[in-house]
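J.: 3D, please:
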Amino acid sequence: MMMSQSMESKIGWHLLSFAAVTIAIAVTVISVTIWFDNREREELFAHQFSDILKNLVDNNFFQLQLLTNDFAYWDDMYQFVEQQNAKFIASNFSDASLESSLIHGVIIQSDSGSILFFKALLNEHSPVQTLNLFRSTPPSETDFGLLISGGQIFIYTSQLISNSNRTQETNGKLVLLRRAVPELSQQIAKSLGVEVRVQLTVPSFVTARYSFSDGYYIALQQITSMEGVSEAVIVSYMNNGTMIPAKVTLLLPKYSAAIWEPILLIAVIIIGVLAMSLLTWLLMRKQIIKPLKLLLHYLTTSASQTQAPKALGQLQELGQVLAEFKAIQTSLQRQNQHHQELLNSITDIVVTVNQHGHIQFANKQAVEWLAIDLQQLSAVSLDYLIECTDPNQKPVAAWLHTLLRQRQQISTKTHIRLYARPQQHYLVAVTGYPPNQGTDEDSDRDEQLAAVIIISLLD
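T.: Here you go, the predicted model:
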C-alpha cells in the first residue's frame with residue numbers, strides 16, 4: 001500500500017515538473033518576443049531622438065547667428081572696435097542682458113587678431129586656452145561650431161564687424177557662445193511625446209574647438225536596456241570622420257503599451273498546462289499505474305547491484321580531475337604575472353581595447369604618458385584620449401574600426417596629441433593587432449576579446 005502511494009506521489013511530482021518546465025519555456029518565449037519588440041521600439045525612439053537633437057542644435061545655431069549678425073552689423077559695435085569705449089560694454093554686455101538672450105560668452109577681436117573684449121558668465125576651466133583657440137583662426141574668416149571647455153559644451157557663431165549699412169570695411173570679428181540649452185530635456189520630451197531625461201557627458205580635461213563649417217552629423221552609438229529605462233548614447237561627428245569627445249545620453253521609459261495581452265496569454269498557458277497535467281495523472285492512476293510500478297521496481301533492483309562500484313570509481317576520477325585543474329590554475333596565474341611584469345619593463349606604450357574601444361589594460365609607460373589614473377582609463381575610449389593631427393592619416397576612430405570591426409592589423413607613422421596636453425605633439429609609430437578570430441565555440445566570448453595597440457615615441 002505504501003509502495004503504491006509512493007509511486008503515485010512520484011508520478012504526480014513528475015507531471016508537476018513537466019508542467020513547470022512547459023510554463024517556463026512558454027514564459028521565456030513570450031518574454032523574448034516582448035524584449036525584441038521593445039528593443040525595436042527603443043531603437044526607433046533613439047533614432048528619432050538623433051534627428052530631433054540635430055534639428056534642435058541647428059535651430060540654436062540659427063538663433064545665435066541672428067544675434068551675432070545683429071550685434072556685428074551695428075554702428076555702436078563698429079565704433080567700439082575703433083575707440084574701445086567702456087560705456088558701450090557696460091550698457092550692452094551686462095550679465096542681465098546676456099542672460100536674457102541666452103548668451104554665455106562674448107569675444108570681440110580686432111582685424112589684427114588681438115582680443116579687445118572677452119566675457120564668460122560661467123566658470124570656465126581654462127579661459128586662456130579658449131582664447132588661444134579663437135586666436136588661431138584668421139580674423140577675416142567666420143565659422144560656427146562647438147567649444148568644449150571645463151566639462152561643458154558651448155555652441156558658437158561668429159561674424160565680421162561692420163556698420164549697419166555695411167558700407168565700411170570690416171574692422172574686427174564678433175564671437176558669441178551659448179551653453180547647451182538647459183531646457184533640452186523638455187524640448188526632446190515634447191517632440192517625442194514621452195518623458196525623457198537628457199545627460200551631457202564631457203571629459204573635464206578636454207579644451208577644444210570644432211568647426212562645423214564643412215558640416216557635421218549626429219548618430220546613435222549604442223542602446224542599453226536597464227531596469228525601468230533604456231539608455232541611448234548619441235555622439236557627433238564632423239564630416240571628415242572626427243568624433244567629438246562629448247556624449248548625449250537619453251534615458252527613456254521602456255515601452256509598456258498593450259502589456260495586458262502577453263500577461264493574459266501567459267495566464268491561459270499556465271491554466272492549460274496545469275489542467276492537462278491533472279487529467280494525465282488521473283488517467284495514469286486508473287489504468288497504467290500498476291504496470292509502471294512493476295517496471296520501476298525491476299529497474300531499481302537491477303541498478304542497485306551495480307551502482308555502488310561505479311560510484312566509487314567516479315569519485316576517484318573526479319578527485320584526479322580537480323587536482324589537475326588546481327595545478328593548471330596555479331600555472332596560469334604565474335604566467336599572467338610574468339607577462340604583466342614583462343609589459344611594464346618595455347619602453348613602448350602598450351594598451352588593449354575591447355570591442356567598444358574601451359581600454360582594458362595599459363602598461364606602466366602608457367599610464368604615465370597618458371597622465372590619467374588606471375581606474376579612469378578602464379571607462380574611457382582610446383579616441384577620447386589621443387587625436388591624430390596629421391591630415392593625411394586616418395583618425396583614431398578609424399584605427400579602432402579597422403582593428404575591432406574589420407579584424408585587420410594596422411601599422412602607421414603619424415603625429416598625435418593628447419587631449420590632456422593639446423599643446424604638445426608627438427611623432428609616433430603605431431602598430432595594432434586585432435582580436436583573435438577564434439572558433440565557433442568561441443563566438444560567445446567575442447566581448448572578452450581584445451585588440452593590442454603598441455605606440456612607439458619617435459621624437
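
J.: in the stretch 151-300 of the chain, which spans are strands?
T.: Secondary structure of the stretch 151-300 of the chain (DSSP state E, counting those that start in this stretch): strands at 152-161, 172-179, 197-201, 208-211, 216-225, 229-238, 243-253.

J.: can you list the neighbours in contact with the second one?
T.: With Cβ atoms under 8 Å, 6 or more residues apart in numbering as the contact definition, strand 172-179 has outside contacts at 60, 64, 67-68, 71-72, 77, 81, 102-111, 116, 120, 122, 134, 139-140, 142, 147, 152-161. Glycine gets a C-beta too; all of them are placed from N, C-alpha and C.

J.: pretty sure D76 sits against N92.
T.: Yes - counting by Cβ atoms under 8 Å, N92 is a contact partner of D76 at 7.4 Å.

J.: pretty sure P422 is in a helix, no?
T.: No - checked against DSSP: H, G, I helix; E, B strand; the rest coil, P422 lies outside a helix; its state is coil.

J.: could you report the neighbour count for it?
T.: Look at P422: counted by other Cβ atoms under 10 Å, it has 17 neighbours.

J.: isn't it right next to A208, touching?
T.: Yes - using Cβ under 8 Å, P422 is in contact with A208, at 6.7 Å.

J.: just the helices in the stretch 51-200 of the chain please.
T.: 75-83, 86-92, 95-100, 127-135, 184-192 (DSSP state H, counting those that start in this stretch).

J.: next, format those as JSON lines and append mean pLDDT and mean neighbour count.
T.: Below are the helices of the stretch 51-200 of the chain laid out as JSON lines (pLDDT from 0 to 100; neighbours: other Cβ atoms under 10 Å):
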{"stretch": "helix 75-83", "mean pLDDT": "91", "mean neighbour count": "16"}
{"stretch": "helix 86-92", "mean pLDDT": "88", "mean neighbour count": "12"}
{"stretch": "helix 95-100", "mean pLDDT": "87", "mean neighbour count": "11"}
{"stretch": "helix 127-135", "mean pLDDT": "71", "mean neighbour count": "17"}
{"stretch": "helix 184-192", "mean pLDDT": "64", "mean neighbour count": "16"}
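
J.: can you pull the domain assignment for this protein?
T.: For the chain, automatic domain parsing gives the domain ranges 33-253, 338-438+445-457.

J.: for those domains, give me a markdown table that also has distance to A275.
T.: Listed next are the domains of the chain as a markdown table, based on distance: least, Cβ to Cβ, whole Å:
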| stretch | distance to A275 |
| --- | --- |
| domain 33-253 | 24 |
| domain 338-438+445-457 | 43 |
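
J.: nearest to L274, out of those?
T.: L274 lies closest to domain 33-253 among the domains of the chain, at 22.4 Å (Cβ to Cβ).

J.: which stretch among the domains of the chain comes nearest I25?
T.: domain 33-253 (12.7 Å).

J.: deepest of the strands of the stretch 151-300 of the chain, which one?
T.: strand 172-179 (a mean of 23; mean count of other Cβ atoms under 10 Å).

J.: send the alpha carbons of that one over as PDB?
T.: Extracted in PDB, the C-alpha atoms of strand 172-179 (Å, rounded to 0.1, in the frame of the first residue of the first chain):
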ATOM      1  CA  GLY A 172      37.100  93.000 -36.500                       C
ATOM      2  CA  LYS A 173      35.100  89.900 -35.600                       C
ATOM      3  CA  LEU A 174      32.500  89.100 -33.000                       C
ATOM      4  CA  VAL A 175      32.000  85.600 -31.500                       C
ATOM      5  CA  LEU A 176      29.000  84.700 -29.300                       C
ATOM      6  CA  LEU A 177      28.900  81.500 -27.200                       C
ATOM      7  CA  ARG A 178      25.800  79.700 -25.700                       C
ATOM      8  CA  ARG A 179      25.800  76.800 -23.400                       C
END
